[in-house]
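J.: Sharing a model that was predicted from the sequence below.
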Amino acid sequence: MTLNRLTPYAMLAPAVLVTAAIIFVPVGRTLVLSLHDAVLFRPHAVPFVGFRNYGRALADEVFWISAGHSLTWVVLAVSLQFLLGFVTALLLHRSFWWRGVARALVVIPWALPSVIIGLMWTWMYDFNLGVLNDALVRFGLIDKPIAWLANPDLALYAVILTLTWQGFPFFAVVILAGLQAIPAELYEAADIDGANAWQRLRYVTIPSLAGVMATALLLRTIWVANSLDVILVMTGGGPGLATHTLPLYAFLRAYSGMEFGYGAALAVLLTLALLAVVVAYVARAVREAGQ
Amino acid sequence: MKRRQFLAGAASTVAASSVAGRAQAQAPVTIRWWYHFDNPQHSPAELVAKFERENPGIKVQAESVPWGGGNDYYTRLFAALVAGNAPDCAMVKLNNQARLLEMRALEPLDARLASWSGRGDIPDNIWTLTKATDGKQYFLPVQYVVLYLYYRTDLFQRANVAPPRTFEQFLAAAKATTSGDVWGFGMRGGAGGHDHWASFVLAGGASFDKGGMVSAQALAANRWFVDLARTHKVFPPSAANDGFRQIVDNFKAGRSAMTIHHIGSANEMVGALGDKVSAVPVPRAADGRGWTSFGDESNAVFAGSRNKDAAFRWIAFLSTGANNVEFNRFTGQLTVTKSGAAGWSLHPKRFVDATFDSVPIAAVLPDHSKTADFTRTVWPQNMQRALLGQIGADEMMQAIEKHFHG
């Protein structure tokens, strides 16, 4: 009897131990670090400072600028990726002779490493030698080249466009999979009821995809909010503070200033800000598991 | 982490090893050495093999560590030191010497250097520049560069101006060559561009001493520099975000008439431009004062190493005559040895001359634990904001002063 009761725990133990080792321990370590004045090149003096790092962050102008940029970054990047991915999925769901090739090609941005994407778009945006300025000038859309990444009013949006290009295939693929799972009978019933194309989309497609879209949006919001690789490669957070986001700021304080205590506090604050999204995702996952 | 290991075959039997010529029986030891080369295709395998032939009791495990603008390399190095898993020796630069000393991570080399036969082959001024603030020598120089001014001879001829020697001549030449989509000076406003700024503002009177960034002379020098962009518009509009690749490619494409870099890019420039490119020392202030960046690279032995003597033998080997020339073939920089420099043929002579002519004004940034953060974050952020008019030139200097002195 006792053995039977313990068996499930024993079988779960390896997974729990691995999760604890690679997730809970680092999270705990980050929390502890955030309460210390931990500077990597001063390993002999790491005083406990309580919540001073958090107080410093809340009084830090760069923290609030970065938080504002993070909000713009997440809302715009995720919305644009979703819209583009949704339209792409609808197109790829239609029947045309090169659909197989199109479905394969659309995944390319998602498959490319972020650093490659960052470098590629940096050169496309380049003021002197970039193809974007060249094309816009040739077509007469602008009189002279624009310094896309050196203009503080444009840089963040230029990077968001890059991230949109990188991330829309995720939505396209996920939504396409959802579209393929919608029973054809629903569309036939809608046709019999005299529904037009918009009504089929509004009353059949979108409600059927609601679950898939909500999960994809929640996941992508978390990923985009945490991502800093493309920004780091394209602008390093500049010009000035124009493309600073919270994860980038935390990264720079930790890996440039070597202030791991302060960087950890910034990371914890970002996590708290994301907690609402995380809770929504976990609740949804639990609900789906229960169904 | 990407590693290249050059340990080959089975370990040899116990061999005699000595330090400074002193014969002493030793068990075979393996030392770990971290290095970074700009071109990852280059490998020090032949140097390692030669060393191991000459020192049969010592194996060298050479590990290539990504440079990442210096940030990746040092983060890994500091983390390894804190974790107790650091290499025995590694390539290091002066801008992180203070941090390494604060960690008590460096082994003083003075006693070993005193009996090393290669010491006299390295010029005194290089020893002076690489000495720590406590007067001890922790770094053994292995290569160096000095920044100078590249200029396009064709664009200068077209504008009928001569290579500048003073700030005023520089401004005149930059204005004369700025036309249409060509800019007088390819300014590097991204990370690493502090050397461009320093050549004008430190030579103009600023210093890293307390109050040195906010003196009347320092503020005037910085205003003059920022005005090159804001008023005279001799920098490309993209300057605030331009990095190394942009300044070099713009120069090669004829979009800028001057830029500042070192001999490491000379062969690439000549490959693209032939005799349309030449170099002179960076211009000096009206009072004759000049400042240019001494780009150092050394090797250091770590205090935690259990094989310090063997590690020293390896880094001394790399800084010796022909070995050092071979090492610099991989890095594209200049040998630190007088014997190696005598027959130098890896770069066109005019760039070697520009380097040597720049040595009298070559200097390094302060040996301070906040210097690395200054170059990586504080300077680019504030310089970019000043270039874009988001903050004034004086505010930029106040931010730098605050970073170093609170």
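T.: Received the coordinates, thanks.
J.: Next, the buried residues of the helix or strand of chain A with the lowest mean pLDDT.
T.: Least confident element among the helices and strands of chain A, by mean pLDDT, DSSP states H and E: helix A:260-290 (a mean of 86). When burial is assessed from 16 or more other CB atoms under 10 Å in any protein chain shown, helix A:260-290 yields the following buried residues: A:260-271, A:274, A:277, A:281. Where C-beta positions appear, they are placed from N, C-alpha and C, glycine not excepted.
J.: where's residue B:144, which helix or strand?
T.: Secondary-structure element containing residue B:144, defined by DSSP states H and E: strand B:139-146.
J.: cool, residue B:211 as well?
T.: Element membership for residue B:211 (DSSP H and E) is empty, with no helix or strand holding it.
J.: Likewise for residue A:55?
T.: Assigned by DSSP H and E, residue A:55 belongs to helix A:52-58.
J.: Is there proximity between that helix and chain B?
T.: No - figure legend: helix A:52-58 not in contact with chain B (CB under 8 Å from any CB of the partner chain); closest approach 14.3 Å.
J.: Pull the residues that contact that helix.
T.: With contact meaning CB atoms under 8 Å, 6 or more residues apart in numbering or on different chains, helix A:52-58 is reached by A:34-35, A:37, A:63, A:261-262, A:264-266, A:268-269.
J.: can you redo the residues you listed as TSV with distance to residue A:134?
T.: Shown next, in TSV, are these (distance: CB to CB, whole Å):
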residue	distance to residue A:134
A:34	47
A:35	52
A:37	50
A:63	39
A:261	47
A:262	43
A:264	44
A:265	45
A:266	39
A:268	45
A:269	42
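J.: Look up phi and psi at residue 184.
T.: Just so you know, I chose chain A. Main-chain torsions, residue A:184, degrees, to the nearest 10: phi -60, psi -30.
J.: Sorry, I should have been clearer: chain B.
T.: phi -60, psi -40.
J.: Can you give me the neighbour number for it?
T.: Residue B:184 has 28 neighbours, counted by other CB atoms under 10 Å in any protein chain shown.
J.: Look up how far chain A lies from it.
T.: Residue B:184 sits 14 Å away from chain A, going by CB to the nearest CB, to the nearest Å.
J.: residue contacts, residue B:352?
T.: B:263, B:334, B:344.
J.: State the distance from the first one to residue B:144.
T.: It refers to residue B:263. 10 Å (CB to CB, to the nearest Å).
J.: can I get the CA coordinates of the strand holding residue B:144 in PDB?
T.: Coordinates of the C-alpha atoms in strand B:139-146 are reproduced here as PDB (Å, rounded to 0.1, in the frame of the first residue of the first chain):
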ATOM      1  CA  PHE B 139      50.900  42.400 -17.500                       C
ATOM      2  CA  LEU B 140      53.400  41.000 -20.000                       C
ATOM      3  CA  PRO B 141      52.800  43.000 -23.200                       C
ATOM      4  CA  VAL B 142      52.200  40.900 -26.300                       C
ATOM      5  CA  GLN B 143      51.000  43.300 -29.000                       C
ATOM      6  CA  TYR B 144      50.000  46.900 -29.400                       C
ATOM      7  CA  VAL B 145      48.500  49.500 -31.700                       C
ATOM      8  CA  VAL B 146      48.200  53.200 -31.600                       C
END
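J.: quick one: contacts of it?
T.: Under the contact criterion CB under 8 Å, 6+ apart, strand B:139-146 has outside partners B:91-92, B:94, B:97, B:109, B:113, B:122, B:126-127, B:130, B:132, B:262-264, B:292-300, B:312, B:315-316, B:318-319, B:324, B:327-328, B:331, B:333-336, B:355, B:358-359, B:362.
J.: element containing residue 247?
T.: You didn't pick a chain, so chain A it is. For residue A:247, the element it lies in under DSSP H and E is helix A:246-255.
J.: meant chain B, my bad for not saying
T.: Using DSSP H and E, residue B:247 falls within helix B:244-252.
J.: wait, isn't residue A:114 in contact with residue A:230?
T.: Yes - using CB atoms under 8 Å, residue A:114 is in contact with residue A:230, at 5.3 Å.
J.: So whichever residue of the stretch 1-150 of chain A sits closest to chain B: helix, strand or coil?
T.: Residue nearest to chain B within the stretch 1-150 of chain A: residue A:127 (3.4 Å; CB to the nearest CB). Following DSSP: H, G, I helix; E, B strand; the rest coil, residue A:127 is assigned to coil.
J.: So it versus residue B:196, what's the distance?
T.: According to CB to CB, residue A:127 stands 17 Å off from residue B:196.
J.: Export the contacts of helix A:52-58 as JSON lines, with columns for distance to chain B.
T.: Supplementary listing: those in JSON lines, determined by distance: CB to the nearest CB, whole Å:
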{"residue": "A:34", "distance to chain B": "17"}
{"residue": "A:35", "distance to chain B": "18"}
{"residue": "A:37", "distance to chain B": "14"}
{"residue": "A:63", "distance to chain B": "14"}
{"residue": "A:261", "distance to chain B": "14"}
{"residue": "A:262", "distance to chain B": "12"}
{"residue": "A:264", "distance to chain B": "14"}
{"residue": "A:265", "distance to chain B": "17"}
{"residue": "A:266", "distance to chain B": "14"}
{"residue": "A:268", "distance to chain B": "20"}
{"residue": "A:269", "distance to chain B": "19"}
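J.: Closest one of these to residue A:89?
T.: Among those, residue A:269 lies closest to residue A:89 (CB to CB), at 35.2 Å.
J.: Show the contacting residues for the closest one.
T.: Counting by CB under 8 Å, 6+ apart, residue A:269 makes contact with A:54, A:57, A:63, A:246.
J.: Make CSV from those and add pLDDT to it.
T.: Listed next are these as CSV, based on pLDDT from 0 to 100:
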residue, pLDDT
A:54, 97
A:57, 96
A:63, 96
A:246, 95
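J.: Where neighbours are concerned, which of those has the most?
T.: residue A:246 (28 neighbours).
J.: max-length helix in the chain?
T.: Because you didn't say which chain, this covers chain A. Ranked by residue count and defined by DSSP state H, the top helix of chain A is helix A:61-93.
J.: my bad, chain B
T.: For chain B, the helix with the greatest residue count under DSSP H is helix B:216-230.
J.: Is that one in proximity to chain A?
T.: No - if you take CB under 8 Å from any CB as the test, helix B:216-230 misses chain A, and the best it gets is 10.9 Å.
J.: CA atoms only for that helix - export them in CSV, please.
T.: The C-alpha trace of helix B:216-230 is given here as CSV (Å, rounded to 0.1, in the frame of the first residue of the first chain):
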residue,chain,number,x,y,z
ALA,B,216,36.3,75.4,-18.2
GLN,B,217,38.9,74.1,-20.6
ALA,B,218,37.3,70.6,-20.6
LEU,B,219,33.8,71.9,-21.2
ALA,B,220,35.1,74.1,-24.1
ALA,B,221,36.9,71.2,-25.7
ASN,B,222,33.8,69.1,-25.6
ARG,B,223,31.6,71.9,-26.9
TRP,B,224,34.0,72.2,-29.8
PHE,B,225,33.8,68.5,-30.5
VAL,B,226,30.0,68.3,-30.3
ASP,B,227,29.8,71.3,-32.6
LEU,B,228,31.6,69.3,-35.3
ALA,B,229,28.3,67.4,-35.6
ARG,B,230,25.7,70.0,-34.4
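J.: Just give me how far it sits from the chain centre.
T.: Here helix B:216-230 is found 25 Å from its chain centre; the criterion is CA atoms, centre = their mean, to the nearest Å.
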